[in-house]
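Engineer: Here's my sequence, what's the structure:
(one chain, ligands or ions: 1)
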Amino acid sequence: MTSFTPPDFDLTVLEEGLCAQDFIEQKMKDSEDAVFVADLGDVLQKHLRWVCAMPRVTPFYAVKCNDCHPVVMTLATLGTGFDCASKTEIQLVQSLGVDPSRIIYANPCKQMSHMKYASAHGVQMMTFDSEGELMKVARCYENPKLVLRIAVNDAGSMFAMSNKFGAKLESCPLLLEQARELGLDVIGVSFHVGSGCTDPEAYSQAISDARRVFDMGAELGYNMTLLDIGGGFPGSDGSKLKFEEFTAVINPALDKHFPAHSGVRVIAEPGRYYVSSAYTLAVNIIAKKVKIEEQMACDDEGEGPNKRTLMYYVNDGIYGSFLDVLFGARYMPSLHKKPKPDKRTYPCSIWGQTCDGLDRIVEQCILPDLQVGEWLLFHNMGAYTVTCSTTFNGFQKPDIHHVISRSAWQRIQQISAQGLPAPVEESCPSRTLSCCSKETSQPSTTFKAASRL
Ligand SMILES: *Cc1c(COP(=O)(O)O)cnc(C)c1O
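Structural biologist: Take a look at the predicted model:
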């Protein structure tokens with residue numbers, strides 16, 4: 001048995017009329033430290049939207065994207081499965097009472113001791129993409145249910161994966177044969193089109209490729225029953241394409257290559273989709289410089305003959321919540337307070353707090369002349385932020401406050417008790433449970449939630 005116990009976590013149920021925005025306002029008054037506020041109602045909303053848009057596909061949330069316990073607990077309560085890549089992720093998910101049948105060990109290249117742990121704890125589904133991994137599995141795994149990860153075209157994604165993972169189609173017959181010789185059961189096929197995918201066609205091509213591998217398996221006597229369409233779905237409606245623009249392509253591809261009567265179970269491994277938009281980060285301006293550049297051309301933004309640009313230094317950065325910037329992600333701040341309509345704006349850059357010259361969050365944006373002590377907000381900050389940040393230079397990670405409206409809280413309890421009915425009008429995304437209108441303001445209750453929501 002594991003000695004891992006989940007730490008308690010704070011969760012604030014907001015009273016009628018209060019929303020995450022109000023909560024963050026309060027936190028900004030309490031301290032000048034950078035702070036996250038996460039609205040779990042937004043995670044619920046995403047789940048309802050998923051069920052509505054892709055009812056055939058069971059989500060297995062990718063824990064690496066954001067492993068905050070309230071998030072994982074919310075999804076566990078809503079009945080999703082989980083994609084875990086390490087012993088610690090498996091421990092976390094199981095410590096919240098999730099049955100091993102709801103876990104896929106979706107790391108094609110696993111450390112042997114982690115594998116033994118997974119095997120001893122009943123996790124059967126796992127991915128592989130090489131002969132070497134099959135040999136390891138055969139040596140140390142009880143009853144594995146293998147899923148062959150194939151390489152797919154991920155050119156249209158922000159973060160590619162197929163240069164590291166995935167078997168080429170040509171090598172699949174040999175891998176399947178090797179698995180059979182080792183007496184291993186291959187139950188299906190998985191792929192990942194790359195995180196932050198911008199091309200829905202990548203999914204339909206990959207689904208058609210997966211079909212070919214199913215057919216190869218059938219020739220070798222396998223009866224595969226699982227298709228795993230991975231992650232890559234957009235995390236906010238600010239993305240180039242909306243989630244539903246992906247599902248509008250994926251659903252027909254599934255119906256064509258894996259029709260419902262084929263009996264194939266379809267799962268996915270969304271990470272970014274579920275958490276990105278739930279998190280807002282508030283950062284404080286801790287220092288500021290005015291840079292006067294010699295005027296190049298006539299420019300009405302500048303003052304007189306010289307151009308003013310402002311450099312803001314804030315208390316988070318690429319060694320903290322903005323690691324993605326190094327990989328090409330772009331962020332834009334929002335103002336905390338509405339500027340006066342006549343307020344002048346300037347070209348600005350935003351820098352992190354460490355002593356590293358690379359630590360720049362925003363290369364250029366347009367902001368008014370803000371003062372040290374004022375705040376900037378960054379939205380859609382839930383994906384690959386809290387799990388990727390460091391304490392480089394001794395700067396602590398921002399506190400994270402998880403909040404939920406009472407109605408969303410009740411809805412989660414209800415879904416947990418009764419399950420979700422087949423998608424109907426009521427479960428569609430137009431119903432908003434995550435935020436509020438400002439009327440009353442009763443105090444909210446924060447409490448420790450132990451092992452169950
Ligand atoms: C990271 C990862 C995911 C999640 O990807 P998103 O783009 O965040 O949806 C899913 N599956 C695997 C195997 C991953 O490595």
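
Engineer: switch to C-alpha atoms for all contacts and neighbour counts from now on
Structural biologist: Fine.

Engineer: Now stretch 369-384: buried residues?
Structural biologist: Across stretch 369-384, burial judged by 16 or more other C-alpha atoms under 10 Å covers 369-370, 374-384.

Engineer: Please apply the same query to stretch 105-114.
Structural biologist: Tyr105, Ala106, Asn107, Pro108, Cys109, Lys110.

Engineer: Relative to the ligand, how far out is the fifth one?
Structural biologist: This means Cys109. To the ligand, Cys109 is 11 Å away according to C-alpha to the nearest ligand atom, to the nearest Å.

Engineer: what does the second one give?
Structural biologist: In this view, Ala106 and the ligand are 5 Å apart by C-alpha to the nearest ligand atom.

Engineer: close enough to count as contact, that residue and Cys84?
Structural biologist: Yes: counting by C-alpha atoms under 8 Å, Cys84 is a contact partner of Ala106 at 6.0 Å.

Engineer: contacting residues for Ile103?
Structural biologist: Phe60, Gly81, Phe82, Asp83, Cys84, Ile90, Val123, Met125 (C-alpha atoms under 8 Å, 6 or more residues apart in numbering).

Engineer: re the thing from before, can you redo the buried residues of stretch 105-114 as TSV with secondary structure?
Structural biologist: TSV is the format used below for these (DSSP: H, G, I helix; E, B strand; the rest coil):
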residue	secondary structure
Tyr105	strand
Ala106	coil
Asn107	coil
Pro108	coil
Cys109	coil
Lys110	coil
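
Engineer: Pull the most distant pair out of the residues you listed.
Structural biologist: Of all pairs drawn from these, the widest gap by C-alpha to C-alpha lies between Tyr105 and Cys109 and measures 10.3 Å.

Engineer: So for stretch 76-96, first residue to last residue, what's the gap.
Structural biologist: Using C-alpha to C-alpha, to the nearest Å, the gap from the first to the last residue of stretch 76-96 comes to 8 Å.

Engineer: Pro70 reaches Leu11, doesn't it?
Structural biologist: Yes: in this structure, Pro70 is within contact of Leu11 by C-alpha under 8 Å, at 7.4 Å.

Engineer: so what's in contact with the two at the same time?
Structural biologist: Residues touching both Pro70 and Leu11 by C-alpha under 8 Å, 6+ apart: His402.

Engineer: those strands in the stretch 101-250 of the chain, which residues are they?
Structural biologist: For the stretch 101-250 of the chain, the strands defined by DSSP state E, counting those that start in this stretch cover 103-105, 125-128, 145-149, 157-159, 185-190, 195-197, 226-228.

Engineer: and the third one, what does it pack onto?
Structural biologist: What that stands for is strand 145-149. With contacts defined as 3 or more C-alpha pairs under 8 Å, 6 or more residues apart in numbering; DSSP states H and E, strand 145-149 has these neighbours: strand 125-128, strand 185-190.

Engineer: who's in contact with the residue nearest to Pro270 when sequence neighbours are not counted?
Structural biologist: Nearest residue to Pro270 in three dimensions, chain neighbours excluded: Gly231, at 4.2 Å (C-alpha to C-alpha, 6 or more residues apart in numbering). Residues in contact with Gly231 (C-alpha under 8 Å, 6+ apart) are Ala62, His192, Val193, Gly194, Ser195, Ala268, Glu269, Pro270, Gly271, Arg272.

Engineer: top of those by neighbour count?
Structural biologist: Of all the contacts of Gly231, Val193 has the most neighbours under the rule other C-alpha atoms under 10 Å, reaching 30 neighbours.

Engineer: Dihedrals phi and psi, that one?
Structural biologist: phi -80, psi 0 (degrees, to the nearest 10).

Engineer: Next one: it relative to Pro270, how far apart?
Structural biologist: With C-alpha to C-alpha as the criterion, Val193 and Pro270 are 11 Å apart.

Engineer: Pretty sure Cys325 sits in a strand.
Structural biologist: I think there's a mix-up here, since residue 325 is Val and not Cys. No: Val325 is assigned helix when assessed by three-state DSSP, not a strand.

Engineer: Which pLDDT value goes with it?
Structural biologist: Predicted confidence (pLDDT) for Val325: 94.

Engineer: That one: how many residues sit nearby?
Structural biologist: Close neighbours of Val325, defined as other C-alpha under 10 Å, add up to 17.

Engineer: For it, which residues are in contact?
Structural biologist: Taking C-alpha under 8 Å, 6+ apart as the test, what Val325 contacts is Ile318, Tyr331, Ile361.

Engineer: Contact partners for the residue nearest to the second one when sequence neighbours are not counted?
Structural biologist: Think Tyr331. Excluding its sequence neighbours, the residue lying closest to Tyr331 (C-alpha to C-alpha, 6+ apart) is Val362, at 6.4 Å. Neighbouring residues of Val362 by C-alpha under 8 Å, 6+ apart: Arg330, Tyr331, Met332, Ser349, Ile350, Trp351.

Engineer: any idea how far the ligand is from the last one?
Structural biologist: Yep, that's Trp351 we're talking about. Distance from Trp351 to the ligand, by C-alpha to the nearest ligand atom: 26 Å.

Engineer: tally of neighbours for the nearest residue to that residue once chain neighbours are set aside?
Structural biologist: Counting by C-alpha to C-alpha, 6+ apart, Arg360 is the residue found nearest to Trp351 once chain neighbours are left out, at 4.2 Å. Using other C-alpha under 10 Å, the number of residues around Arg360 comes to 23.

Engineer: Alright, calling it a day.
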